[in-house]
Each structure stands twice: as structure tokens, then as C-alpha cells.
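1. Predicted model, plus sequence, below.
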Amino acid sequence: MDWKYENGRIYSVNESNELMAETTFVYKENGEVDIDHTYVNPQLRGKGLAGKMMGVVAEYLRENSLKATATCSYANAWLKKHRESYSDIISDDLDDQAIACKIDGKR
């Protein structure tokens, strides 16, 4: 996938500019980020793309010396599952994070 990076957003589109995958995050007052949304286009679901995307997000956070929590349930579970590999980017507050994913971009 060809990943595109914007402030608070990592995503990929197809040749028709249709959204294929997306993760959004917001910067918190303490300098960390909250991953608040993940999305995979229905035609690509079940193929491991969400996990690959989270790997891209984790590497981005690592390269930018950022730590993350996640209110998105998928991102929260992924970070917990990969806690050992990505301990440097996982906030100490991850386990205390309330989970409330956005639906259609709204909480």
C-alpha cells in the first residue's frame, strides 16, 4: 500500500482516490497522541490490513518520538498485544484509557 501522511492521519487510497485504510490520532495536552479511529475498506477486511496499518502507525510514532494511547478499541487491543515490541511508543496510560471509537467520524 502507498501510505499518505497528514497531521493526525495516516491513510491509503486506491487509483480512484477511494479510501482503503485510515488511522487518525489527536495530540493530547501532555504531548502524547490518542489513536481515535481505524478504518479498513470493506473489500479489504479480513486480510490483515488493519494490523499492517497499525505497524505503519507504530513506526511513524517511533520515528517521531511519540507515545500513544488509544480510544479506538482495535488500536487499543493491537497496542496491548504488541506491548513488548513497541514499548517505547506505548503510553503508561494505555491500560487506563477509556475506549470509545468514532462511528462515521463522530464519537
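-> Nice, thanks for sending it over.

2. Point out where the protein drops to low pLDDT.
-> Regions of the chain meeting the criterion pLDDT under 70 cover residues 97-107.

3. which SS state does the residue nearest to the spatial centre of it fall under?
-> By Cα atoms, centre = their mean, the mean C-alpha position of the chain lies nearest to Thr23, the distance being 4.4 Å. The local conformation at Thr23, judged by DSSP: H, G, I helix; E, B strand; the rest coil, is strand.

4. Do I have it right that it meets Ser12?
-> No: using Cβ atoms under 8 Å, Thr23 makes no contact with Ser12, being 10.1 Å away. For glycine as for every other residue, the C-beta is placed from the backbone atoms N, C-alpha and C.

5. got the CA coordinates for stretch 83-93 in CSV?
-> Output in CSV follows, covering the C-alpha atoms of stretch 83-93 (Å, rounded to 0.1, in the frame of the first residue of the first chain):
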residue,chain,number,x,y,z
ARG,A,83,3.3,-4.1,24.0
GLU,A,84,6.7,-5.8,24.1
SER,A,85,7.7,-4.9,20.5
TYR,A,86,6.6,-1.3,20.8
SER,A,87,7.0,-0.5,24.5
ASP,A,88,8.8,2.7,23.5
ILE,A,89,5.7,4.2,21.9
ILE,A,90,3.1,3.0,24.3
SER,A,91,1.9,5.4,26.9
ASP,A,92,1.9,4.4,30.6
ASP,A,93,-1.8,5.5,30.5
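
6. from the middle of its chain, how far away would it be?
-> Its chain's average C-alpha position is 14 Å from that of stretch 83-93, according to Cα atoms, centre = their mean, to the nearest Å.

7. What are the buried residues along that stretch?
-> 86, 89-91 (16 or more other Cβ atoms under 10 Å).

8. in the protein, which spans are helices?
-> Along the chain, counting by DSSP state H, helices occupy 49-63, 73-81.

9. closest one to Tyr39 among those?
-> Nearest to Tyr39 among the helices of the chain is helix 49-63 (8.6 Å), distances taken as Cβ to Cβ.

10. in the closest one, what counts as buried?
-> Of the residues in helix 49-63, those buried by neighbour count under the rule 16+ other Cβ under 10 Å are 49-50, 53-54, 56-58, 60-61.
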